[in-house]
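Colleague: here is a sequence together with a model predicted from it:
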Amino acid sequence: MAGEEQQQVPKADVLEKQPCPICRESTLTLTERETEVPYFGKLAMFSMSCTSCKFHKADVETAEPQEPAKYTFEISSEEDLKVRVIKSSQATVKIPHITTITPGPVSQGYVSNIEGILNRVKHEIEMLKESEDDEEVKQKAKNMLKKLQRIMWGQEKQKIIIEDPSGNSAIISERATKEKMKGIPGKAE
Ligand SMILES: [Zn+2]
């Protein structure tokens with residue numbers, strides 16, 4: 001599909017010299033762009049970057065309001081690495097027996113794919129392995145990296161679950177199951 005990338009280059013609204021919520025200097029750049037994700041719809045991508053304190057926050061939001069949703073997908077081949085994933089900052093990403101990416105102030109929102117998510121996890125585990133002195137923890141991290149590599153080569157199946165009370169996240173595949181999320185605090189069923 002030639003030309004696909006060009007079509008997806010969105011034009012961005014940029015606001016410079018904004019006050020930073022962390023260090024209060026007027027060195028924050030706000031960027032907002034709209035993008036269209038095939039088989040999903042329009043999406044707004046936001047980012048805030050401060051040159052003074054290096055604060056960075058990115059997030060995604062769908063154009064239409066969404067219901068809280070839970071997506072489950074089984075990674076079973078190398079081909080599955082290309083499956084598009086939209087992850088908002090409010091999402092919890094569960095990769096059973098490997099890790100859970102939790103929402104919070106430092107959580108970022110982004111549009112990626114399964115490979116992108118696994119690479120982020122890989123990077124985190126590598127950093128942990130480097131900084132850790134405990135041999136047992138080091139060995140555990142090594143085993144985890146091997147497991148991740150097998151998943152990425154399609155040699156081992158792995159479930160991935162994304163729960164998002166804002167409904168702004170999605171796994172875009174016919175094989176992904178989407179369920180309504182239950183038990184949202186402060187929201188009646
Ligand atoms: Zn700042």
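Modeller: Cool, got the structure. Keep in mind the model is a prediction, meaning the values are calculated, not measured. Residues are numbered from 1 along each chain as shown.

Colleague: with Ile98 as the reference, measure out to Glu136.
Modeller: For Glu136, the distance to Ile98 equals 17 Å [CB to CB, to the nearest Å]. All C-beta atoms are positioned from the backbone trio N, CA, C, and that covers glycine.

Colleague: okay, those two: which has more neighbours?
Modeller: Legend: neighbour count by other CB atoms under 10 Å for Glu136 and Ile98, higher for Ile98 (17 against 8).

Colleague: so who does the more buried one touch?
Modeller: Val121, Met144, Lys147, Leu148, Gln158 (CB atoms under 8 Å, 6 or more residues apart in numbering).

Colleague: and Cys50, by the same measure?
Modeller: Per CB under 8 Å, 6+ apart, neighbours of Cys50: Cys20, Ile22, Cys23, Glu25, Thr27, Leu28, Thr29, His56.

Colleague: need these in JSON lines with distance to Leu81, can you?
Modeller: Shown next, in JSON lines, are the contacts of Cys50 (distance: CB to CB, whole Å):
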{"residue": "Cys20", "distance to Leu81": "36"}
{"residue": "Ile22", "distance to Leu81": "35"}
{"residue": "Cys23", "distance to Leu81": "38"}
{"residue": "Glu25", "distance to Leu81": "40"}
{"residue": "Thr27", "distance to Leu81": "37"}
{"residue": "Leu28", "distance to Leu81": "34"}
{"residue": "Thr29", "distance to Leu81": "32"}
{"residue": "His56", "distance to Leu81": "26"}
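
Colleague: show me which of those residues are buried.
Modeller: Buried subset of these (neighbour count, 16 or more other CB atoms under 10 Å): Cys20, Thr27, Leu28.

Colleague: need the residue closest to the centroid of the chain.
Modeller: Lys87 (3.8 Å; CA atoms, centre = their mean).

Colleague: hey, what's that residue bridged with?
Modeller: Tyr110 (DSSP bridges).

Colleague: ok, Tyr110 touching Ala58?
Modeller: Yes - using CB atoms under 8 Å, Tyr110 is in contact with Ala58, at 6.0 Å.

Colleague: quick one: common contacting residues for those two?
Modeller: Counting by CB under 8 Å, 6+ apart, the shared contacts of Tyr110 and Ala58 are Met45.
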